[in-house]
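Undergrad: Pasting the sequence and the predicted model now:
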2 protein chains.
Amino acid sequence: MYLHGRNVLREILDLNSKKLKIKRILFTNQQNVSKELEELKLRCLKRGYKVDEAPPEKLYNLCREKKHQGVVVDLKEFPYTDFEDIIELSRNESVFPLVLLDTVQDPHNLGAIIRSAVAAGMRGIIITEKSSAKVTSAVVKVSTGLAFRIPISIVTNMARTVEILQEEGFWVYAASMEGEPYFSIEFPEKAAIILGNEGEGVRKLVKEKADYIISIPMEKEVDSLNVSASAAILFFELRRQLSGGE
Amino acid sequence: MYLHGRNVLREILDLNSKKLKIKRILFTNQQNVSKELEELKLRCLKRGYKVDEAPPEKLYNLCREKKHQGVVVDLKEFPYTDFEDIIELSRNESVFPLVLLDTVQDPHNLGAIIRSAVAAGMRGIIITEKSSAKVTSAVVKVSTGLAFRIPISIVTNMARTVEILQEEGFWVYAASMEGEPYFSIEFPEKAAIILGNEGEGVRKLVKEKADYIISIPMEKEVDSLNVSASAAILFFELRRQLSGGE
């Protein structure tokens, strides 16, 4: 996958993941474009990444984005985190809110949810293997590069994932219209919020495993909120509660 | 502008606005497609709208959307509401929360904000004439047709608009990183929330007119939230407070 932009490169350079597989990093061949770009190039070389140069037009042809800022990263694949590693991380921390996405299909929604999740301090995102948007370059762009700032894991069975989390001490909340208002919930330090598919919501089998069904009360005659809007509301209510209003 | 889909047509048929200027409504020429479509056609004819038929491919060529559901509405322009009429409406109601968009530029954000605003029960949206996304067919689509469910007004001078609202008794809240946490605010029944441009935020001159600057506390090292995520969080906090937690 081709990712562009200095901000994204900076996120990648800050990342410490064995899963990160960089094929090469392409910089513009224009000279003296910016000191920032030179510094980034040095950091890449120090890390032992393969660095090449190309005319700006060729960079554009890889990422199809005019605002590539003189750098394109050629990544083998997005560095997903194993679910077991997220569990391991959660054992070492007291506050560890999680996001479970049950077949969220729109890449724009996935990118927006990642951005809000990182901003709200959620500690991991778990998505389903089937019928889900995966982390593509478009998703990374919508997330403003923050997709590299949070562990994202793919699981095959979301219902089973809920069970495992519960065994680990998590309380699991599925978002659905018929639930109790989200603001009446007192979230614990280890909470997992499940958001469902754009059309169908959280699947029945997954919902049945959840400890609570929570809803966002809204105007009558309005069907639903966009899933990324619902996500922002729930994540920041959880944050407000866990941060003690700071 | 060409709008498509049965849901959007239904919203337009429910609308009671002198500003609504329909050129014509095009239905698929396929026979017996659905009873729903026949009923919609009857409603259009009863209202005296010009109704035509065309092959599905020709409908596609107008709206460039395969899922046009057999109907395309050809609208002269989006029926904006005069700012004076929004003021007039606000005088007759006790609870009247407003949204002010100060040069929000991305159509996707505008559509998402409209959708969340309607769901949260906001009563009007005011956008700036210059440097703002306007209500296009793409915006209507992202709003899931809800753009016809809320008065939307264009103003030339947002700072002056804030002053007029204040003279009308409104309290005005500008969203900005340096403000006080949104959850520490007790919103009054006539509150206006200003959201700013994706890159620059609320302009200085507008911000200075606001009664309060409010922020959404988030993780350090995260620059900002997407404006439509911020909007959802603020609108639903306001709704929660004004509805007394119902």
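TA: Looks like it arrived, so ask away. From a predicted model like this one, the values you see are computed outputs, not experimental measurements. Residues are numbered from 1 along each chain as shown, chains lettered A, B, ... in the order given.

Undergrad: mind exporting stretch A:214-222 as PDB, just the C-alpha atoms?
TA: Taking Å, rounded to 0.1, in the frame of the first residue of the first chain, the C-alpha atoms of stretch A:214-222 are listed here in PDB:
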ATOM      1  CA  ILE A 214     -26.600   1.000  25.100                       C
ATOM      2  CA  SER A 215     -28.300   3.500  22.900                       C
ATOM      3  CA  ILE A 216     -28.000   7.200  22.000                       C
ATOM      4  CA  PRO A 217     -31.400   8.700  22.500                       C
ATOM      5  CA  MET A 218     -32.400  10.900  19.500                       C
ATOM      6  CA  GLU A 219     -35.300  12.600  17.800                       C
ATOM      7  CA  LYS A 220     -38.200  10.500  16.800                       C
ATOM      8  CA  GLU A 221     -38.500  10.000  13.100                       C
ATOM      9  CA  VAL A 222     -34.800   9.900  12.700                       C
END
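
Undergrad: Quickly check: that stretch near chain B or not.
TA: Yes - looking at stretch A:214-222 against chain B by Cβ under 8 Å from any Cβ of the partner chain, the contacts come from A:216-219, A:222. Bear in mind the C-beta positions are built from the backbone N, C-alpha and C, glycine included.

Undergrad: what about the residue sitting furthest away from the middle of chain A, which SS state?
TA: The C-alpha centroid of chain A is most remote from residue A:31, which lies 35.0 Å away (Cα atoms, centre = their mean). Per DSSP: H, G, I helix; E, B strand; the rest coil, the secondary structure class of residue A:31 is coil.

Undergrad: circling back to that earlier point, which one of the residues of stretch A:214-222 next to chain B sits in the busiest neighbourhood?
TA: residue A:216 (24 neighbours; other Cβ atoms under 10 Å in any protein chain shown).

Undergrad: which helix in chain A runs the most residues?
TA: The longest helix of chain A (DSSP state H) is helix A:227-242.

Undergrad: average pLDDT for that one?
TA: For helix A:227-242, mean pLDDT is 97.

Undergrad: Could you see whether chain B lies near that helix?
TA: Yes - for helix A:227-242, a contact with chain B is found by Cβ under 8 Å from any Cβ, at A:228-233, A:236, A:239-240.

Undergrad: And the one helix or strand residue A:52 maps to, what's buried?
TA: Using DSSP states H and E, residue A:52 maps to strand A:51-54. Within strand A:51-54, the residues scored as buried using 16 or more other Cβ atoms under 10 Å in any protein chain shown are residue A:51.

Undergrad: before we move on, the earlier item: any idea how far the residue farthest from the centre of chain A lies from residue A:60?
TA: Using Cβ to Cβ, to the nearest Å, residue A:31 is found at 18 Å from residue A:60.

Undergrad: The longest strand seen in chain A and chain B in contact?
TA: Using DSSP state E to define each element, chain A has its longest strand at strand A:171-181. Yes - judged by Cβ under 8 Å from any Cβ, strand A:171-181 comes into contact with chain B at residue A:181.

Undergrad: Mind giving me the packing neighbours of that strand?
TA: helix A:158-167, strand A:191-196, helix A:204-209, strand A:212-215, helix A:227-242 (3 or more Cβ pairs under 8 Å, 6 or more residues apart in numbering or on different chains; DSSP states H and E).

Undergrad: Show me how chain A divides into domains.
TA: A:2-75, A:83-242 (automatic domain parsing).

Undergrad: Which of the ones you listed comes out lowest on mean pLDDT?
TA: Among those, domain A:2-75 carries the lowest mean pLDDT (a mean of 92).

Undergrad: circling back to that earlier point, so which elements touch the helix or strand just after the strand holding residue A:52?
TA: Counting by DSSP H and E, the next helix or strand C-terminal to strand A:51-54 is helix A:56-63. Judged by 3+ Cβ pairs under 8 Å, 6+ apart, the packing partners of helix A:56-63 are strand A:2-4, strand A:22-28, strand A:71-75.

Undergrad: Quick one, which of the ones you listed gets closest to residue B:37.
TA: Residue B:37 sits nearest to strand A:2-4 of all the helices and strands packed on helix A:56-63, at 43.6 Å, using Cβ to Cβ.

Undergrad: The closest one: how far from the chain's middle?
TA: 17 Å (Cα atoms, centre = their mean, to the nearest Å).

Undergrad: cool, stretch A:170-185 as well?
TA: Stretch A:170-185 has its C-alpha centroid displaced from the chain centroid by 21 Å (Cα atoms, centre = their mean).

Undergrad: got the CA positions of that stretch in PDB?
TA: Below are the C-alpha coordinates for stretch A:170-185, written out as PDB (Å, rounded to 0.1, in the frame of the first residue of the first chain):
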ATOM      1  CA  PHE A 170     -13.900  -6.600  30.400                       C
ATOM      2  CA  TRP A 171     -17.500  -5.400  30.500                       C
ATOM      3  CA  VAL A 172     -18.900  -5.300  27.000                       C
ATOM      4  CA  TYR A 173     -21.400  -2.700  25.700                       C
ATOM      5  CA  ALA A 174     -23.200  -3.100  22.300                       C
ATOM      6  CA  ALA A 175     -24.600   0.000  20.700                       C
ATOM      7  CA  SER A 176     -28.100  -0.500  19.500                       C
ATOM      8  CA  MET A 177     -31.300   1.600  19.300                       C
ATOM      9  CA  GLU A 178     -33.300  -0.500  21.800                       C
ATOM     10  CA  GLY A 179     -30.600  -0.200  24.600                       C
ATOM     11  CA  GLU A 180     -30.500   2.000  27.700                       C
ATOM     12  CA  PRO A 181     -29.200   5.600  27.300                       C
ATOM     13  CA  TYR A 182     -25.400   5.700  27.200                       C
ATOM     14  CA  PHE A 183     -25.300   8.500  29.700                       C
ATOM     15  CA  SER A 184     -27.000   6.300  32.400                       C
ATOM     16  CA  ILE A 185     -24.100   3.900  32.200                       C
END
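
Undergrad: Report the buried residues of that stretch.
TA: Neighbour-count burial for stretch A:170-185, with 16+ other Cβ under 10 Å as criterion, is recorded at A:170-176, A:179, A:182-183, A:185.

Undergrad: For burial, what's the neighbour tally of the residue lying closest to residue A:228 once chain neighbours are set aside?
TA: Excluding the flanking residues, the one nearest residue A:228 by Cβ to Cβ, 6 or more residues apart in numbering or on different chains is residue A:112, at 3.7 Å. By other Cβ under 10 Å, the residues close to residue A:112 number 27.
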